[in-house]
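A.B. asks: using only what follows, build the 3D model:
(2 chains)
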Amino acid sequence: MIHVYAIARELEELPPVGGLGDAPLERRRVGGLDVVVSRTEADEPSEEAIIRHAEVVEALASRSNALLPARFGDVFSNERELAGAIERKRAELESALARVRGCVEFGLRVLLPDSDSARPRAARTGREYMALRLDEANRRTRLAEQVDEPLAELARASMRSAESSELLLAASYLVPERDAQEFRTRVELLQSRHPDLSIVCSGPWPPYSFAGETGSEE
Amino acid sequence: MSTSERHALQQQVTLLELVDRVLNKGVVLSGDITLSVAGVDLVYVGLRVLLSSVGNLERLANEAPPRAALRSQAGS
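C.D. replies: From the prediction side, this is the model:
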């Protein structure tokens, strides 16, 4: 089987790292695109395999100007299938490459304090109960916007994922590399402005969340 | 939250975010992703055990997003 790591543009040399099961990395040129693959026997998503995949993508990202990480498990049984799939998706890949060019991704998770999400509020009537619920929802929306806005402002694109009672905000931001430091500074500023929240920022990542079709929704 | 708790939170979230990205994000060239769902579940179970070792991290572990895009394909 052929395991795909990423599609890149203007890729320099292949990085000196092994692929899954230490198989050597190989480069395929399809049109003007570089596809980085390795041969693999099994494509089981063990923790080790996942981390290896991520390491390869990371190493490739530092050697190219625009890169689309492939999702783990995107395997092909032969070269012709792979080339055919690239040809079919060509337009989509080109526009995604243009979108992520020169950008890194940051992940953000904002947790509400325990006391906040579990705060008991006694309502005497149904109407009062509904009013309290509405107030609470509005307060959360405003708070999430206060955190999201200054970060989204720096980003070329951003995406929010499902949130829950304790998770105020879960989002990914596609940020030009030159603004990465400013992004981190803004996260720190937000944390000091909202000491009761736990704001956890991860990254910079290669642009996983903005490589596929969903990345173009914003 | 103390500094060391915050540090642990940061580390665990980073691992969770990494696994989420590799398995659920990224471009898909083929029509179908043929991951063994059992294999993926094991990874998530492993992560949950890891995450629950630090206080309120359990809550975050439960936020692992649904694997909507995963499909198992018989016989391929």
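
A.B. asks: and the longest helix along chain B, what's buried?
C.D. replies: Criterion DSSP state H: the longest helix present in chain B is helix B:3-24. By neighbour count with 16 or more other C-beta atoms under 10 Å in any protein chain shown, helix B:3-24 contains the buried residues B:8-9, B:12-24. In this view, the C-beta of every residue, glycine as well, is placed from N, C-alpha and C.

A.B. asks: out of these, which are close to chain A?
C.D. replies: Intersecting the buried residues of helix B:3-24 with the surroundings of chain A, defined as C-beta under 8 Å from any C-beta of the partner chain, gives B:9, B:13, B:14, B:17, B:18, B:19, B:21, B:22, B:23, B:24.

A.B. asks: relative to residue A:70, which of those is nearest.
C.D. replies: residue B:22 (9.5 Å; C-beta to C-beta).

A.B. asks: turn the ones next to chain A among the buried residues of helix B:3-24 into JSON lines, columns for pLDDT and distance to residue A:91.
C.D. replies: Shown next, in JSON lines, are those (pLDDT from 0 to 100; distance: C-beta to C-beta, whole Å):
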{"residue": "B:9", "pLDDT": "78", "distance to residue A:91": "41"}
{"residue": "B:13", "pLDDT": "80", "distance to residue A:91": "35"}
{"residue": "B:14", "pLDDT": "84", "distance to residue A:91": "34"}
{"residue": "B:17", "pLDDT": "85", "distance to residue A:91": "30"}
{"residue": "B:18", "pLDDT": "88", "distance to residue A:91": "30"}
{"residue": "B:19", "pLDDT": "86", "distance to residue A:91": "30"}
{"residue": "B:21", "pLDDT": "89", "distance to residue A:91": "24"}
{"residue": "B:22", "pLDDT": "89", "distance to residue A:91": "25"}
{"residue": "B:23", "pLDDT": "85", "distance to residue A:91": "26"}
{"residue": "B:24", "pLDDT": "83", "distance to residue A:91": "24"}
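
A.B. asks: format these as a markdown table; extra columns: distance to residue A:203.
C.D. replies: Converted to a markdown table, those look like this (distance: C-beta to C-beta, whole Å):
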| residue | distance to residue A:203 |
| --- | --- |
| B:9 | 15 |
| B:13 | 11 |
| B:14 | 9 |
| B:17 | 8 |
| B:18 | 10 |
| B:19 | 14 |
| B:21 | 10 |
| B:22 | 14 |
| B:23 | 17 |
| B:24 | 16 |
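
A.B. asks: and which of those is nearest residue A:187?
C.D. replies: Proximity of these to residue A:187 (C-beta to C-beta) peaks at residue B:13, which lies at 13.0 Å.
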